[in-house]
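A.B. asks: Let me see the structure of the following:
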Amino acid sequence: MEIKIDPKSRDFQPRYSRLFVLFLPSTNNTQMKKNIVFLLILIPIIWISCDGMGHQTIDFRKVEDLMPQHPDSALTLLEQIENKENLSRKDKARYYLLLTEAQNKNHIPHINDSLITIATDYYEKTDDVERKAKAWFYKGRINQDLNHPLKAQEYYLKALGEEERIKNHALLGRINNNIGMLYTRQMVYETALTFQKKAVENFRVLGDSTGQVFALRDLGRNYVMLHLQDSALACYKSALKLMQDKKVISIYSELGSLLIHKEDYPQAYAYLNLALAESTSKRINYPLYLILGNYFLQTGKFDSALVYL
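C.D. replies: Predicted coordinates:
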C-alpha cells in the first residue's frame with residue numbers, strides 16, 4: 001500500500017514506524033565510506049511505534065548494542081527521540097538510563113541527578129537486577145562528579161545490593177572500582193582493599209586486561225598507604241604484564257616512586273624514564289617531575305633535582 005505524505009504537514013502521524021534520516025555533510029571519500037557504513041547501521045536502529053495505550057514504544061536493544069563501542073552514535077540516536085513524555089513509565093526509565101550512560105561515556109557533565117532518578121525509582125521496584133544496579137551506579141557516578149562523595153557511596157552500595165545475582169562483570173568491576181576509590185579518598189584503606197580486589201577479579205573473569213590494569217594500580221595505591229610495599233609492588237608488576245598497546249603512565253611513575261622507597265634506584269630510574277617517554281602532556285608531567293626530583297634528591301644529584309622540583 002502506497003502512503004502519501006504531505007512534507008509540509010506537521011499533524012501527520014503514521015501508524016507505521018518512524019524512520020530517522022541522517023543528513024551528512026559533504027566530505028572526502030574515506031569519510032564518506034565511513035558515513036555510508038554508519039547509515040547502513042543506522043537505518044534499522046530505531047523504530048518508534050505506538051502501543052495500544054497511545055505510548056511510544058522504542059527498540060532500545062539497538063541502542064544498547066551500539067553503547068559499548070560507539071557511545072557517541074548511541075547518544076545521537078537517543079537525542080533524536082521526540083515527545084519523551086509519551087513514553088510508558090517502563091520505557092521512560094530505560095530511556096533515561098541509556099541517556100545517562102551515553103552522556104557519561106561521552107564525558108558530558110551533569111548538573112543534577114534528576115533524570116537518572118526516574119530510572120532508579122522505577123527499577124528499584126522491579127526484579128530487573130542488572131538495570132537496577134546500573135541505574136544506581138550511574139546515580140553514584142553523577143553524585144561523585146558533583147562532589148557528593150557520601151551520596152555516591154550510598155548509591156554504589158545500593159548498586160551492589162543484589163551483587164550475587166548480577167552476571168555483568170563489566171558493571172560489577174566498575175562499581176567495585178569506583179567505590180574502592182571513594183574509600184581510598186576517605187583514607188579507609190582496608191575497606192578500599194576489599195572492593196579493589198573484587199574489581200580485579202571482575203575484570204579478570206571478563207578478560208578485560210585494561211580494567212585489570214587500572215584496578216591493580218588502585219589496589220597497589222592502597223597497599224602503599226598501608227605500608228605494605230611488597231604487596232603494592234606485586235600489584236604494579238602484575239599491571240605491567242597486562243599492559244598492551246595502551247601504556248598507562250601512572251603505572252610507570254608510581255612503580256618508580258615505590259622502588260625509590262625500596263632504594264632500588266636503577267630500576268626506579270628505568271621506570272621513570274619510561275613514564276617520561278610515554279608522557280605527552282605537561283599536566284600529566286607535573287606529578288612525574290616531583291617523583292623525578294625526589295629520585296635525584298635521594299641519589300645525591302641536587303642540581304638535577306632542582307630542575308624538576
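A.B. asks: And the helices in the stretch 1-150 of the chain?
C.D. replies: Ranges of helices in the stretch 1-150 of the chain, per DSSP state H, counting those that start in this stretch, are 29-42, 60-66, 71-79, 89-105, 114-123, 129-145, 149-159.
A.B. asks: low-confidence ranges in the stretch 201-309 of the chain?
C.D. replies: 281-284 (pLDDT under 70).
A.B. asks: please redo it, this time with the cut-off set to 90
C.D. replies: For the stretch 201-309 of the chain, the stretches with pLDDT under 90 are 244-247, 276-289, 295-300, 302-309.
A.B. asks: ok, and what's touching stretch 278-297?
C.D. replies: Applying CB atoms under 8 Å, 6 or more residues apart in numbering, the contact partners of stretch 278-297 are 247, 249, 252-253, 256-257, 260, 265, 268-269, 272, 275-276, 302, 304-305, 307-309. Using the backbone N, CA and C atoms, a C-beta is placed for each residue, glycine as well.
A.B. asks: hang on, the earlier thing: out of the helices of the stretch 1-150 of the chain, which is the most enclosed?
C.D. replies: When the helices of the stretch 1-150 of the chain are scored by mean count of other CB atoms under 10 Å, the highest mean neighbour count falls to helix 129-145 (a mean of 23).
A.B. asks: Which strands and helices lie in contact with it?
C.D. replies: Applying 3 or more CB pairs under 8 Å, 6 or more residues apart in numbering; DSSP states H and E, we find helix 129-145 packed against helix 89-105, helix 114-123, helix 149-159, helix 169-185.
A.B. asks: what residues does the shortest one touch?
C.D. replies: For helix 114-123, the external contacting residues (CB under 8 Å, 6+ apart) are 89-90, 92-94, 96-97, 99-100, 131-132, 135-136, 138-139, 142, 155.
A.B. asks: And the residue nearest to the spatial centre of the chain, how far from residue 147?
C.D. replies: Geometric centre of the chain, nearest residue: residue 105, 5.7 Å, by CA atoms, centre = their mean. To residue 147, residue 105 is 21 Å away according to CB to CB, to the nearest Å.
A.B. asks: next one: residue 123
C.D. replies: For residue 123, the distance to residue 147 equals 25 Å [CB to CB].
A.B. asks: now residue 188
C.D. replies: Applying CB to CB, the value for residue 188 to residue 147 is 18 Å.
A.B. asks: More neighbours: these two, which one.
C.D. replies: The residue with more neighbours, out of residue 188 and residue 147, is residue 188; 13 against 8, by other CB atoms under 10 Å.
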